[in-house]
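**Student:** Just need the structure, nothing else, for what follows:
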Amino acid sequence: MNTDHVVRTFVDYYEERGHRRITGSTLLPPPGDPVLFTTSGMHPLTPYLEGRPHPVGRRIVNVQRCLRTTDLEEIGDATHLTVFQMLGTWSLGDYEGPLSLEWGYDLLTEGFGVDPSLLYVTVFGGDDQTGPDTASLDLWQRRGVPVELTVEDNWWSNGPTGPCGPDSEIFLWTGTTPPESTPTGDERWVEVWNHVMMRYRRLDDGSLVPLPQRNIDTGLGLERLASLLQGRTSVFDCDVFAPWHSLVPTLWPQDELSLRLVYDHLRSAVVVIGDGVRPANTGRGYVLRRLLRRVLTVLRRDEPGRSLGDLPPDLIRHTLDHFRQDGDTNVVRRILLQEEDRFDRLLERGRHVLARPRFQGPLTEEDFHYLHDTHGLPRDLVLNLRPQ
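**Tutor:** As a prediction, the model looks like this:
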């Protein structure tokens, strides 16, 4: 079951249950959203979760591209990607949590063929403000799915204030032995789907007030789900990375961890460029710049002559098509090369600056601030040029 099949199965299932598909937005969040990039499917829908009527109705399904900079240091493990697609469903004041969980269980086990014995769920156990999520607990117990109760792990929020509520997460066992322990006790339990019962708004003083309507917001990562359904041990082994595996290792031989970073960061950079972002020293442009500089640092660790100009155009086109972007591969390639040239000039300047007597000993925090503020040399680049 490749990713296209997964998307069709998911969308068809929910359309049969009265959901209307909406087109996922770009990586750029709506005006007024404080985040740099869309990090989840709910960002573009925030006004509707807060009570505004949605033009297509109260049941929605979509596929949303997302970017999470919080996971940059995790890239290379089996489950994280910087840019990915999120499959999502919403009930805007329509049905409640148990029905959402029941549909989710049926889709996983019947639609996707997941063995029910490989599932485990977590449910909000209650705190001093809100009681336990007994409705979700009762549903899972009726279905015979083992349940672990938590507090912090099963309370979803969009920040210190704003919409929030209890959630129930569905995990799939990925070990080679029969299932063991619980999701919080064994990392071989991998989260595949989160169902949020978004009922409250947290105020500045920490108190909770009910939202105008009781919503359901669910999300599951497409690439992660596809890799699990395909029996792969890593998101980098699912079908969308097949062209990268075919072309990149012979072009730029690297160890597996380095290859994964190259796949992820270049793929992410192409998508960010495809959504109109250009490299810069601040904001979204700096995220793009940082991604490309991390790639160039890895590529040139063993071979200084490597260039992004050697990236096969087919990989750029494949990435744009996968994320439903109409970008011009030549434009993307030109931006990559321009940024590579800036990086080369920054490296040369950095070597000259770091050769000064002041920087021959161990670098202090004051040194790092000076190098960044005066010479535009970020910490990671300094450490690469002259590790302590």
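
**Student:** for the stretch 51-200 of the chain, what are the low-confidence residue spans?
**Tutor:** Low-confidence segments of the stretch 51-200 of the chain (pLDDT under 70): 71.

**Student:** Tell me the spacing between the closest residue to S207 other than its chain neighbours and R199.
**Tutor:** What sits nearest to S207 in space, not counting adjacent residues and going by CB to CB, 6 or more residues apart in numbering, is Q129, at 7.8 Å. Every residue, glycine included, has its C-beta placed from N, CA and C. For Q129, the distance to R199 (CB to CB, to the nearest Å) stands at 12 Å.

**Student:** Then L229?
**Tutor:** Applying CB to CB to L229 and R199 gives a distance of 31 Å.

**Student:** residue ranges for the helices of the protein, please.
**Tutor:** Counting by DSSP state H, the chain has helices at residues 3-15, 46-49, 97-106, 134-143, 222-229, 242-251, 256-274, 283-299, 313-322, 329-354, 365-375, 379-385.

**Student:** Give me the helices and strands touching the fourth one, please.
**Tutor:** So the one you mean is helix 134-143. Where contact means 3 or more CB pairs under 8 Å, 6 or more residues apart in numbering; DSSP states H and E, helix 134-143 is packed against helix 97-106, strand 119-124, strand 147-150, strand 162-173.

**Student:** can the ones you listed go into JSON lines with extra columns for mean neighbour count and distance to E256?
**Tutor:** Output for those, formatted as JSON lines (neighbours: other CB atoms under 10 Å; distance: least, CB to CB, whole Å):
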{"stretch": "helix 97-106", "mean neighbour count": "19", "distance to E256": "33"}
{"stretch": "strand 119-124", "mean neighbour count": "24", "distance to E256": "29"}
{"stretch": "strand 147-150", "mean neighbour count": "17", "distance to E256": "32"}
{"stretch": "strand 162-173", "mean neighbour count": "23", "distance to E256": "23"}
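
**Student:** need the helices of the chain in a markdown table with distance to W90, can you?
**Tutor:** Shown next, in a markdown table, are these (distance: least, CB to CB, whole Å):
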| stretch | distance to W90 |
| --- | --- |
| helix 3-15 | 10 |
| helix 46-49 | 8 |
| helix 97-106 | 10 |
| helix 134-143 | 17 |
| helix 222-229 | 17 |
| helix 242-251 | 32 |
| helix 256-274 | 24 |
| helix 283-299 | 26 |
| helix 313-322 | 24 |
| helix 329-354 | 32 |
| helix 365-375 | 42 |
| helix 379-385 | 38 |
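
**Student:** which stretch among these comes nearest T82?
**Tutor:** Proximity to T82 (CB to CB) singles out helix 256-274 among the helices of the chain, at 4.2 Å.

**Student:** on that earlier part again, what about Q129 and R199, which has more around it?
**Tutor:** Neighbour tally, Q129 and R199, criterion other CB atoms under 10 Å: the higher count belongs to R199, 19 against 11.

**Student:** residues touching the more buried one, list them.
**Tutor:** 165-166, 210-211, 214-215 (CB atoms under 8 Å, 6 or more residues apart in numbering).

**Student:** One more pass at 10 Å, please.
**Tutor:** For R199, the contact set (CB atoms under 10 Å, 6 or more residues apart in numbering) comprises 96-97, 130, 163-166, 208, 210-211, 213-216.

**Student:** Could you do D77 as well?
**Tutor:** Applying CB under 10 Å, 6+ apart, we find D77 in contact with 71, 187, 234-236, 257, 260.
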